[in-house]
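> have a look at this prediction, sequence included:
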Amino acid sequence: MINYYTCIPGYSCNNACIFCTRPNDPNIPNVWGFIPDKTTEQLFKELTKARKSFNGVILTGGEPAIRKDFFEILQKCVDLGFEKISIQTNAKRFADKNFAERTVSILGDRADFFVSFHSHRRELFNKLSGTKAYDEALTGLKNLLSLSKQVRTNTVVMKPNYRELPEIASFLCGLGVKALEFMSVHPNGMAWVNNMQIVPKIEDTVPFVRKAVDVAESDGAKATITCFPLCALGDYRNRAPELFLPEFMIVKNPKARTKGKECEKCKYYRNCWGLWTNYLKIFDFKFTPFL
Ligand code: SF4
C-alpha cells in the first residue's frame, strides 16, 4: 500500500484561479496558513525526513511544475526511493512535449499525474483559471495521456460548472482519461473571497455529480467523489475515497472540516470528513446520520 506524504513546495502558480483555495498571497484568508516558496535545500531536507515514514509523495501547490528546480526535485524523490510520485498540476507546463517527456523519463512508472480540469468549455475554463489557460492545459493533458498510463483528473464542483459535470466527464473520457475525481469546492482563499460566485448549495450539485459518475463509469472509467459529506451522496457514497482511507489520512483540522452533533451517532463518523467549515457560514446543512 502506498502511504503518501503531501509536499507543498510553495503557492506560486501560473494560473490565477478565482476559486484557488491556496492563494499565493498572505493577505487572503486561508485556513491552511500561507506557505512561502521553499528553497531547494529546504525541500530536499523535508523529503528526506518524509521518506523515513512514507513510501509515496504528492507534490502539490501552487503549481510545482513551474519551479526552476522541478526536475531536481523529481530526481531527488526517485533517489530517495519513493515508490509513487504524484504531481498535482494544472498541466500548462506539460503543453511543452519535451518538458512532459523529460518528466516521464525521470519518474518512469512511479509517475502519477493528477490534473486539474474544471470545464470542457474554453470560455468558462479561462474565466475560472483567471488566465487564458485552456489551450495549454488541454495540450498538456493530452501530452501526459500520450506518455503515461497514470493520469487522473480533478474537477472542482462549483457554482459556474456543476450543471455541466456530465458533459465535462464525457469530454474527459473522450480524451482517454480513465480516472476522474469530482471534489466539493473548499470555500477558502479566493473561493471564500468570491464565495457568492463560486460556492453552490451542495444539495443542488449532487444530481449532476451522480450523473457525471454515471457517464464516466459507462465509459469504463473510474470515478470518485471527494470532500462531500457522505450523507449528501446517498448510495453514491461508495465512490468517496474517504471511506477507504486509513484514519490518519482523514482531515480533522476544525478550521477546515466540521461535523454536526448528529454525526456522532453516524456509522461513518470516523471516515466521513463532514463539511468544509466555511460552508456553514454560507449555507445550512442537514446532517443525516447513517445508523
Ligand atoms: S451524518 Fe455526519 S458523519 Fe454521517 S455521513 Fe453525514 S456528515 Fe458524515
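Received it, and whenever you're ready, just let me know what you need.
> does the longest helix along the chain reach the ligand?
The longest helix of the chain (DSSP state H) is helix 202-218. No - judged by C-beta under 6 Å from any ligand atom, helix 202-218 makes no contact with the ligand; its nearest approach is 10.5 Å. (Each C-beta comes from the backbone N, C-alpha and C, glycine too.)
> quick one: mean pLDDT over that helix.
Mean pLDDT, helix 202-218: 98.
> figure out how far it is from the centre of its chain.
Put simply, helix 202-218 sits 17 Å off its chain's centre (C-alpha atoms, centre = their mean, to the nearest Å).
> which neighbouring elements make contact with that helix?
Other elements packing on helix 202-218 under the criterion 3 or more C-beta pairs under 8 Å, 6 or more residues apart in numbering; DSSP states H and E are strand 151-157, helix 165-175, strand 179-184, strand 222-226.
> mean pLDDT added to those, as a markdown table?
What follows is these, written out as a markdown table (pLDDT from 0 to 100):
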| stretch | mean pLDDT |
| --- | --- |
| strand 151-157 | 98 |
| helix 165-175 | 98 |
| strand 179-184 | 98 |
| strand 222-226 | 97 |
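> export those as JSON lines, with columns for mean neighbour count and distance to R67.
Listed next are the helices and strands packed on helix 202-218 as JSON lines, based on neighbours: other C-beta atoms under 10 Å; distance: least, C-beta to C-beta, whole Å:
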{"stretch": "strand 151-157", "mean neighbour count": "22", "distance to R67": "20"}
{"stretch": "helix 165-175", "mean neighbour count": "20", "distance to R67": "27"}
{"stretch": "strand 179-184", "mean neighbour count": "22", "distance to R67": "24"}
{"stretch": "strand 222-226", "mean neighbour count": "19", "distance to R67": "26"}
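> for K201, grab the count of nearby residues.
Other residues within reach of K201, judged by other C-beta atoms under 10 Å, total 14.
> not counting its neighbours along the chain, what's nearest it?
Among residues not flanking K201 along the chain, F283 sits closest, at 5.4 Å (C-beta to C-beta, 6 or more residues apart in numbering).
> kindly report the residues of the chain close to the ligand.
Going by C-beta under 6 Å from any ligand atom, the residues of the chain near the ligand are 229-231, 259, 262-263, 266, 268-269, 272, 274, 287-290.
> what about 5 Å?
With C-beta under 5 Å from any ligand atom as the criterion, the chain comes near the ligand at residues 229-231, 259, 263, 266, 268-269, 272, 274, 287, 289.
> just send those residues back as JSON lines, with secondary structure, distance to L172 and neighbour count too.
Shown next, in JSON lines, are those (DSSP: H, G, I helix; E, B strand; the rest coil; distance: C-beta to C-beta, whole Å; neighbours: other C-beta atoms under 10 Å):
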{"residue": "P229", "secondary structure": "coil", "distance to L172": "25", "neighbour count": "27"}
{"residue": "L230", "secondary structure": "helix", "distance to L172": "24", "neighbour count": "25"}
{"residue": "C231", "secondary structure": "helix", "distance to L172": "27", "neighbour count": "20"}
{"residue": "K259", "secondary structure": "coil", "distance to L172": "32", "neighbour count": "20"}
{"residue": "C263", "secondary structure": "helix", "distance to L172": "33", "neighbour count": "20"}
{"residue": "C266", "secondary structure": "coil", "distance to L172": "32", "neighbour count": "21"}
{"residue": "Y268", "secondary structure": "coil", "distance to L172": "28", "neighbour count": "19"}
{"residue": "Y269", "secondary structure": "coil", "distance to L172": "33", "neighbour count": "15"}
{"residue": "C272", "secondary structure": "coil", "distance to L172": "27", "neighbour count": "24"}
{"residue": "G274", "secondary structure": "coil", "distance to L172": "28", "neighbour count": "28"}
{"residue": "F287", "secondary structure": "coil", "distance to L172": "32", "neighbour count": "18"}
{"residue": "P289", "secondary structure": "coil", "distance to L172": "34", "neighbour count": "18"}
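> can you tell me which of those is nearest G220?
L230 (25.3 Å; C-beta to C-beta).
> just put the helices and strands packed on helix 202-218 in a markdown table and tack on distance to N27.
Formatted as a markdown table, the helices and strands packed on helix 202-218 follow (distance: least, C-beta to C-beta, whole Å):
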| stretch | distance to N27 |
| --- | --- |
| strand 151-157 | 23 |
| helix 165-175 | 32 |
| strand 179-184 | 25 |
| strand 222-226 | 29 |
